[in-house]
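> following is a predicted model, sequence given first.
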Amino acid sequence: MTSKGVRIAVNTGGGDAPGLNAVIEAVTKAAYKRNWEVFGVKNSYAGLLNTDELVRLTPEFVSHISNVGGTILGTTNRGNPFKMPVHNVVGDVEIRDVSDKILENFKRLRFDCLVAIGGDGSLEIAYNLYKKGMPVIGVPKTIDNDLRSTIITFGFDTAVSIATEAIDRLHSTAKSHERVMVVEVMGRHAGWIALNSGISGAADVILIPEIPFHIDRICDHIMACELHGQHYAIVVVAEGAVPAGGRIIHKGVGETGRQDVVLGGIADFLAKEIAKQTGKDTRSIVLGHLQRGGAPTTFDRLVALRFGAAAVRMIEEKQFGAMVALVPPEVKAVPLAEVIGLIKNVPIDCDSVKTAREIGISFGD
(Lines give C-alpha, C1' and ligand atoms only; values in the text may rest on other atoms or scores of the structure.)
Protein backbone atom coordinates (compact mmCIF):
# COMPACT_ATOMS: atom_id res chain seq x y z
CA MET A 1 0.00 0.00 0.00
CA THR A 2 1.47 3.34 -1.04
CA SER A 3 0.72 6.62 0.66
CA LYS A 4 -1.02 7.86 -2.49
CA GLY A 5 -3.94 6.25 -4.25
CA VAL A 6 -5.40 4.68 -1.11
CA ARG A 7 -9.20 4.56 -1.11
CA ILE A 8 -11.12 4.04 2.14
CA ALA A 9 -14.77 3.13 2.55
CA VAL A 10 -16.49 3.94 5.86
CA ASN A 11 -19.92 2.89 7.09
CA THR A 12 -22.07 3.02 10.22
CA GLY A 13 -24.20 0.05 11.23
CA GLY A 14 -26.62 -0.97 13.94
CA GLY A 15 -28.26 1.52 16.27
CA ASP A 16 -27.18 5.16 16.10
CA ALA A 17 -25.07 6.64 18.87
CA PRO A 18 -23.76 10.11 19.67
CA GLY A 19 -20.23 10.36 18.27
CA LEU A 20 -20.66 8.54 14.95
CA ASN A 21 -20.17 11.76 12.98
CA ALA A 22 -17.04 12.55 14.97
CA VAL A 23 -15.48 9.26 13.86
CA ILE A 24 -16.43 10.00 10.23
CA GLU A 25 -14.88 13.46 10.50
CA ALA A 26 -11.64 12.15 12.01
CA VAL A 27 -11.28 9.32 9.48
CA THR A 28 -11.83 11.70 6.57
CA LYS A 29 -9.48 14.44 7.76
CA ALA A 30 -6.72 12.02 8.83
CA ALA A 31 -6.97 10.21 5.49
CA TYR A 32 -6.74 13.42 3.46
CA LYS A 33 -3.64 14.37 5.43
CA ARG A 34 -2.11 11.33 3.69
CA ASN A 35 -3.57 12.24 0.29
CA TRP A 36 -6.04 9.33 0.49
CA GLU A 37 -9.64 9.26 -0.69
CA VAL A 38 -12.63 8.48 1.53
CA PHE A 39 -16.10 7.33 0.52
CA GLY A 40 -19.11 6.98 2.79
CA VAL A 41 -21.24 3.85 2.44
CA LYS A 42 -24.87 4.83 2.99
CA ASN A 43 -27.16 2.85 5.32
CA SER A 44 -24.74 0.26 6.63
CA TYR A 45 -23.84 -2.00 3.67
CA ALA A 46 -26.60 -0.89 1.29
CA GLY A 47 -24.18 1.51 -0.38
CA LEU A 48 -21.98 -1.40 -1.41
CA LEU A 49 -24.97 -3.10 -3.06
CA ASN A 50 -26.30 0.01 -4.77
CA THR A 51 -23.10 1.92 -5.39
CA ASP A 52 -25.03 4.98 -6.53
CA GLU A 53 -25.53 5.61 -2.81
CA LEU A 54 -21.81 6.01 -2.12
CA VAL A 55 -20.85 9.56 -1.16
CA ARG A 56 -17.41 11.06 -1.48
CA LEU A 57 -16.22 12.49 1.82
CA THR A 58 -13.87 15.45 1.94
CA PRO A 59 -12.60 17.60 4.81
CA GLU A 60 -14.96 20.35 3.69
CA PHE A 61 -17.94 17.96 3.57
CA VAL A 62 -17.37 16.62 7.10
CA SER A 63 -16.10 19.82 8.70
CA HIS A 64 -17.61 20.55 12.12
CA ILE A 65 -19.93 17.53 12.32
CA SER A 66 -18.30 16.07 15.45
CA ASN A 67 -20.84 17.86 17.63
CA VAL A 68 -23.83 16.58 15.66
CA GLY A 69 -25.78 13.53 16.80
CA GLY A 70 -26.83 10.66 14.56
CA THR A 71 -24.88 9.77 11.41
CA ILE A 72 -24.66 11.57 8.08
CA LEU A 73 -24.34 8.15 6.40
CA GLY A 74 -27.52 6.65 7.82
CA THR A 75 -27.69 3.30 9.57
CA THR A 76 -29.89 0.25 9.99
CA ASN A 77 -30.23 -2.84 12.15
CA ARG A 78 -31.21 -4.88 9.09
CA GLY A 79 -28.13 -4.41 6.95
CA ASN A 80 -26.43 -7.78 7.40
CA PRO A 81 -25.21 -8.78 3.91
CA PHE A 82 -25.06 -12.41 5.01
CA LYS A 83 -28.78 -12.29 5.86
CA MET A 84 -30.13 -9.49 3.70
CA PRO A 85 -33.91 -9.09 3.16
CA VAL A 86 -34.35 -8.97 -0.63
CA HIS A 87 -37.54 -8.70 -2.72
CA ASN A 88 -37.87 -11.54 -5.24
CA VAL A 89 -39.54 -11.34 -8.66
CA VAL A 90 -43.03 -11.81 -7.22
CA GLY A 91 -42.53 -9.16 -4.55
CA ASP A 92 -42.00 -11.47 -1.56
CA VAL A 93 -39.13 -10.84 0.84
CA GLU A 94 -36.40 -13.47 0.99
CA ILE A 95 -33.35 -13.63 3.25
CA ARG A 96 -30.25 -14.00 1.07
CA ASP A 97 -26.48 -14.01 1.41
CA VAL A 98 -25.29 -11.10 -0.75
CA SER A 99 -21.80 -10.91 0.77
CA ASP A 100 -20.14 -12.02 -2.48
CA LYS A 101 -21.74 -9.08 -4.27
CA ILE A 102 -20.56 -6.75 -1.51
CA LEU A 103 -17.01 -8.05 -1.89
CA GLU A 104 -17.20 -7.85 -5.70
CA ASN A 105 -18.26 -4.20 -5.60
CA PHE A 106 -15.65 -3.41 -2.96
CA LYS A 107 -12.89 -4.75 -5.23
CA ARG A 108 -14.32 -3.20 -8.39
CA LEU A 109 -14.30 0.22 -6.73
CA ARG A 110 -10.63 -0.36 -5.77
CA PHE A 111 -11.16 0.19 -2.07
CA ASP A 112 -8.19 -0.66 0.13
CA CYS A 113 -10.05 -0.89 3.44
CA LEU A 114 -13.47 -0.66 5.05
CA VAL A 115 -13.73 1.23 8.32
CA ALA A 116 -16.78 -0.36 9.95
CA ILE A 117 -18.22 1.65 12.83
CA GLY A 118 -20.63 -0.38 14.93
CA GLY A 119 -21.43 -2.57 17.88
CA ASP A 120 -21.10 -6.31 18.34
CA GLY A 121 -23.42 -7.25 15.47
CA SER A 122 -21.91 -4.80 12.98
CA LEU A 123 -18.36 -5.77 13.92
CA GLU A 124 -19.22 -9.45 13.51
CA ILE A 125 -20.34 -8.68 9.95
CA ALA A 126 -17.07 -6.83 9.34
CA TYR A 127 -15.09 -9.74 10.73
CA ASN A 128 -16.91 -12.23 8.50
CA LEU A 129 -16.15 -10.03 5.48
CA TYR A 130 -12.53 -9.89 6.59
CA LYS A 131 -12.44 -13.69 6.62
CA LYS A 132 -13.69 -13.59 3.01
CA GLY A 133 -10.80 -11.35 2.02
CA MET A 134 -11.94 -7.78 2.70
CA PRO A 135 -9.44 -5.58 4.61
CA VAL A 136 -11.40 -4.10 7.51
CA ILE A 137 -10.82 -1.97 10.60
CA GLY A 138 -13.50 -1.94 13.29
CA VAL A 139 -14.47 1.06 15.41
CA PRO A 140 -16.48 0.15 18.55
CA LYS A 141 -19.80 1.95 18.96
CA THR A 142 -22.53 1.16 21.46
CA ILE A 143 -24.25 3.19 24.12
CA ASP A 144 -24.46 -0.02 26.18
CA ASN A 145 -20.65 -0.09 26.63
CA ASP A 146 -20.75 -3.89 26.39
CA LEU A 147 -17.89 -4.56 23.95
CA ARG A 148 -14.85 -6.43 25.23
CA SER A 149 -11.23 -5.23 24.92
CA THR A 150 -12.01 -1.51 25.16
CA ILE A 151 -12.56 0.21 28.48
CA ILE A 152 -15.33 2.32 26.97
CA THR A 153 -17.25 2.86 23.75
CA PHE A 154 -18.33 6.25 22.47
CA GLY A 155 -22.00 7.06 22.96
CA PHE A 156 -22.03 5.57 26.45
CA ASP A 157 -21.11 8.76 28.30
CA THR A 158 -23.83 10.71 26.48
CA ALA A 159 -26.45 8.05 27.24
CA VAL A 160 -25.51 8.03 30.93
CA SER A 161 -25.62 11.83 31.06
CA ILE A 162 -29.09 11.92 29.50
CA ALA A 163 -30.37 9.18 31.84
CA THR A 164 -28.89 10.90 34.89
CA GLU A 165 -30.51 14.22 33.97
CA ALA A 166 -33.87 12.47 33.58
CA ILE A 167 -33.50 10.80 36.99
CA ASP A 168 -32.57 14.14 38.56
CA ARG A 169 -35.74 15.69 37.16
CA LEU A 170 -37.89 12.82 38.41
CA HIS A 171 -36.79 13.29 42.01
CA SER A 172 -38.72 16.53 42.39
CA THR A 173 -41.97 15.24 40.90
CA ALA A 174 -41.71 11.91 42.75
CA LYS A 175 -41.16 13.73 46.04
CA SER A 176 -44.00 16.18 45.39
CA HIS A 177 -46.52 13.38 44.82
CA GLU A 178 -44.90 10.80 47.15
CA ARG A 179 -44.69 8.39 44.22
CA VAL A 180 -42.43 5.58 43.16
CA MET A 181 -40.92 6.28 39.74
CA VAL A 182 -39.59 3.32 37.74
CA VAL A 183 -37.18 4.48 35.02
CA GLU A 184 -36.33 2.06 32.21
CA VAL A 185 -33.01 2.63 30.45
CA MET A 186 -31.28 0.71 27.67
CA GLY A 187 -29.09 -2.28 28.39
CA ARG A 188 -30.00 -5.56 26.72
CA HIS A 189 -27.27 -7.77 28.17
CA ALA A 190 -25.26 -5.40 30.34
CA GLY A 191 -26.34 -2.90 32.98
CA TRP A 192 -23.68 -0.23 32.59
CA ILE A 193 -26.12 2.61 31.81
CA ALA A 194 -28.47 1.70 34.66
CA LEU A 195 -25.60 1.28 37.12
CA ASN A 196 -23.81 4.54 36.32
CA SER A 197 -26.89 6.73 35.94
CA GLY A 198 -28.57 5.11 38.94
CA ILE A 199 -25.67 5.84 41.26
CA SER A 200 -25.12 9.33 39.87
CA GLY A 201 -28.84 10.10 40.00
CA ALA A 202 -29.25 8.90 43.61
CA ALA A 203 -31.65 6.06 42.79
CA ASP A 204 -32.97 3.89 45.60
CA VAL A 205 -33.01 0.70 43.54
CA ILE A 206 -30.92 -0.32 40.51
CA LEU A 207 -31.79 -3.43 38.53
CA ILE A 208 -29.35 -4.83 35.96
CA PRO A 209 -29.22 -8.01 33.84
CA GLU A 210 -26.23 -9.33 35.78
CA ILE A 211 -28.13 -9.50 39.12
CA PRO A 212 -31.54 -11.23 38.99
CA PHE A 213 -34.00 -9.41 41.25
CA HIS A 214 -36.72 -10.40 43.70
CA ILE A 215 -39.77 -8.14 43.58
CA ASP A 216 -40.49 -8.61 47.28
CA ARG A 217 -36.99 -7.38 48.19
CA ILE A 218 -37.44 -4.31 46.02
CA CYS A 219 -40.71 -3.58 47.83
CA ASP A 220 -39.12 -4.20 51.22
CA HIS A 221 -36.45 -1.63 50.40
CA ILE A 222 -39.01 0.92 49.26
CA MET A 223 -41.03 0.46 52.46
CA ALA A 224 -37.85 0.78 54.51
CA CYS A 225 -37.31 4.18 52.87
CA GLU A 226 -40.91 5.02 53.84
CA LEU A 227 -40.22 4.16 57.49
CA HIS A 228 -37.22 6.48 57.49
CA GLY A 229 -39.29 9.42 56.31
CA GLN A 230 -38.65 9.19 52.55
CA HIS A 231 -42.11 8.87 51.04
CA TYR A 232 -40.99 8.44 47.44
CA ALA A 233 -38.50 6.24 45.58
CA ILE A 234 -36.62 6.05 42.30
CA VAL A 235 -36.08 2.66 40.68
CA VAL A 236 -33.72 2.49 37.67
CA VAL A 237 -33.98 -0.67 35.59
CA ALA A 238 -32.07 -1.85 32.53
CA GLU A 239 -34.37 -3.15 29.78
CA GLY A 240 -32.71 -6.58 30.00
CA ALA A 241 -33.08 -7.04 33.78
CA VAL A 242 -34.79 -10.27 34.78
CA PRO A 243 -36.59 -11.50 37.90
CA ALA A 244 -34.89 -14.37 39.72
CA GLY A 245 -36.07 -17.60 38.16
CA GLY A 246 -38.01 -15.70 35.51
CA ARG A 247 -37.61 -14.69 31.90
CA ILE A 248 -36.68 -11.50 30.14
CA ILE A 249 -39.67 -9.26 29.45
CA HIS A 250 -40.07 -8.16 25.84
CA LYS A 251 -42.59 -6.73 23.38
CA GLY A 252 -42.29 -9.58 20.89
CA VAL A 253 -40.05 -11.41 18.45
CA GLY A 254 -39.33 -9.98 15.02
CA GLU A 255 -38.90 -11.59 11.63
CA THR A 256 -35.48 -13.06 12.29
CA GLY A 257 -36.37 -14.90 15.49
CA ARG A 258 -34.55 -14.72 18.82
CA GLN A 259 -31.92 -12.29 17.56
CA ASP A 260 -34.67 -9.81 16.76
CA VAL A 261 -36.38 -9.71 20.17
CA VAL A 262 -37.75 -6.24 20.88
CA LEU A 263 -37.13 -5.47 24.52
CA GLY A 264 -39.34 -3.23 26.61
CA GLY A 265 -42.01 -3.48 29.25
CA ILE A 266 -39.94 -4.22 32.33
CA ALA A 267 -40.68 -0.77 33.86
CA ASP A 268 -44.42 -1.17 33.41
CA PHE A 269 -44.28 -4.69 34.88
CA LEU A 270 -42.35 -3.46 37.93
CA ALA A 271 -44.60 -0.45 38.46
CA LYS A 272 -47.69 -2.65 38.62
CA GLU A 273 -46.07 -5.12 41.01
CA ILE A 274 -44.68 -2.41 43.29
CA ALA A 275 -48.04 -0.64 43.45
CA LYS A 276 -49.77 -3.94 44.23
CA GLN A 277 -47.41 -4.91 47.04
CA THR A 278 -46.73 -1.52 48.62
CA GLY A 279 -49.91 0.43 47.93
CA LYS A 280 -47.73 3.30 46.70
CA ASP A 281 -48.74 5.38 43.69
CA THR A 282 -46.23 4.09 41.13
CA ARG A 283 -45.47 5.29 37.61
CA SER A 284 -43.19 3.97 34.86
CA ILE A 285 -41.06 6.01 32.47
CA VAL A 286 -39.21 4.58 29.44
CA LEU A 287 -36.35 6.77 28.22
CA GLY A 288 -35.87 4.71 25.07
CA HIS A 289 -34.23 6.43 22.13
CA LEU A 290 -33.81 9.69 24.02
CA GLN A 291 -30.57 8.08 25.21
CA ARG A 292 -29.32 7.85 21.62
CA GLY A 293 -30.23 11.31 20.44
CA GLY A 294 -28.69 14.73 20.56
CA ALA A 295 -25.14 16.04 20.61
CA PRO A 296 -22.40 13.86 22.10
CA THR A 297 -20.74 14.92 25.34
CA THR A 298 -17.21 16.30 25.30
CA PHE A 299 -15.90 12.91 26.42
CA ASP A 300 -17.68 11.02 23.63
CA ARG A 301 -16.53 13.53 21.00
CA LEU A 302 -12.93 13.16 22.09
CA VAL A 303 -13.05 9.35 22.20
CA ALA A 304 -14.75 9.18 18.79
CA LEU A 305 -12.20 11.54 17.23
CA ARG A 306 -9.35 9.51 18.73
CA PHE A 307 -10.87 6.29 17.42
CA GLY A 308 -11.24 7.71 13.90
CA ALA A 309 -7.68 8.97 13.74
CA ALA A 310 -6.36 5.69 15.16
CA ALA A 311 -8.28 3.71 12.50
CA VAL A 312 -6.40 5.59 9.77
CA ARG A 313 -3.07 4.89 11.47
CA MET A 314 -4.00 1.21 11.58
CA ILE A 315 -4.75 1.24 7.85
CA GLU A 316 -1.34 2.79 7.24
CA GLU A 317 0.23 -0.01 9.27
CA LYS A 318 -1.93 -2.66 7.53
CA GLN A 319 -3.40 -3.86 10.84
CA PHE A 320 -6.51 -5.30 9.22
CA GLY A 321 -8.99 -7.56 10.95
CA ALA A 322 -8.59 -5.47 14.09
CA MET A 323 -10.62 -3.02 16.16
CA VAL A 324 -9.49 0.23 17.73
CA ALA A 325 -9.79 0.08 21.51
CA LEU A 326 -9.25 2.51 24.36
CA VAL A 327 -6.72 0.92 26.69
CA PRO A 328 -5.74 3.91 28.83
CA PRO A 329 -3.76 5.93 28.25
CA GLU A 330 -3.59 4.82 24.60
CA VAL A 331 -5.82 3.76 21.74
CA LYS A 332 -4.61 0.37 20.52
CA ALA A 333 -5.44 -2.28 17.92
CA VAL A 334 -7.02 -5.51 19.16
CA PRO A 335 -7.95 -8.48 16.94
CA LEU A 336 -11.64 -8.58 16.05
CA ALA A 337 -11.55 -12.31 16.80
CA GLU A 338 -11.02 -11.43 20.47
CA VAL A 339 -14.07 -9.16 20.54
CA ILE A 340 -16.82 -10.86 18.54
CA GLY A 341 -19.56 -12.58 20.53
CA LEU A 342 -18.10 -11.68 23.92
CA ILE A 343 -20.24 -9.38 26.04
CA LYS A 344 -18.59 -7.13 28.61
CA ASN A 345 -20.93 -7.55 31.55
CA VAL A 346 -20.91 -5.57 34.78
CA PRO A 347 -18.81 -7.56 37.29
CA ILE A 348 -21.12 -8.02 40.26
CA ASP A 349 -18.23 -7.41 42.64
CA CYS A 350 -16.88 -4.30 40.87
CA ASP A 351 -16.20 -1.08 42.73
CA SER A 352 -19.30 0.66 41.37
CA VAL A 353 -21.60 -2.11 42.60
CA LYS A 354 -19.82 -2.07 45.97
CA THR A 355 -20.20 1.71 46.12
CA ALA A 356 -23.92 1.49 45.38
CA ARG A 357 -24.44 -1.04 48.15
CA GLU A 358 -22.36 1.00 50.61
CA ILE A 359 -24.53 4.10 50.07
CA GLY A 360 -27.76 2.19 50.54
CA ILE A 361 -28.87 1.34 46.99
CA SER A 362 -30.64 -2.00 46.56
CA PHE A 363 -30.14 -4.35 43.62
CA GLY A 364 -33.21 -6.36 44.55
CA ASP A 365 -31.14 -9.45 45.36
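Perfect, I can see it now.

> now the residue nearest the centre of the chain: how far from residue 130?
With distances taken as CA atoms, centre = their mean, the residue of the chain nearest its centroid is residue 142 (2.2 Å). The gap separating residue 142 from residue 130 is 20 Å, by CB to CB, to the nearest Å. For glycine as for every other residue, the C-beta is placed from the backbone atoms N, C-alpha and C.

> all the helices of this structure, in order from the start?
Counting by DSSP state H, the segments of the chain that form helices are 20-33, 59-62, 99-108, 120-131, 156-177, 192-200, 215-227, 266-278, 298-316, 351-358.

> how about those helices in a markdown table, adding distance to residue 8?
Shown next, in a markdown table, are the helices of the chain (distance: least, CB to CB, whole Å):
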| stretch | distance to residue 8 |
| --- | --- |
| helix 20-33 | 6 |
| helix 59-62 | 13 |
| helix 99-108 | 11 |
| helix 120-131 | 14 |
| helix 156-177 | 26 |
| helix 192-200 | 31 |
| helix 215-227 | 50 |
| helix 266-278 | 41 |
| helix 298-316 | 7 |
| helix 351-358 | 38 |
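
> ok, and the closest non-adjacent residue to residue 245?
Excluding the flanking residues, the one nearest residue 245 by CB to CB, 6 or more residues apart in numbering is residue 212, at 7.3 Å.

> so that neighbour touches residue 248, yeah?
No. At 10.6 Å, residue 212 does not count as touching residue 248 under the criterion of CB atoms under 8 Å.

> got any residues that touch both of the two?
Taking CB atoms under 8 Å, 6 or more residues apart in numbering as the contact rule, residue 212 and residue 248 both touch residue 242.

> for residue 104, see how far away the residue lying closest to residue 73 once chain neighbours are set aside is.
In this structure, residue 73 finds its nearest non-sequential neighbour in residue 40, 4.6 Å apart by CB to CB, 6+ apart. Using CB to CB, residue 40 is found at 20 Å from residue 104.

> of all the helices of the chain, which one is nearest residue 236?
Among the helices of the chain, helix 192-200 comes nearest to residue 236, with 3.8 Å by CB to CB.

> count of neighbours near residue 39?
20 (other CB atoms under 10 Å).

> residue contacts, it?
Counting by CB under 8 Å, 6+ apart, residue 39 touches 7, 8, 9, 10, 54, 55, 56, 57, 109, 111.

> any of the residues you listed buried? List them.
Buried members of the contacts of residue 39, scored by 16 or more other CB atoms under 10 Å, are 8, 9, 10, 54, 57, 111.

> show me what contacts the second one?
With contacts defined as CB under 8 Å, 6+ apart, the neighbours of residue 9 are 38, 39, 40, 41, 48, 54, 106, 109, 111, 113, 114, 115.
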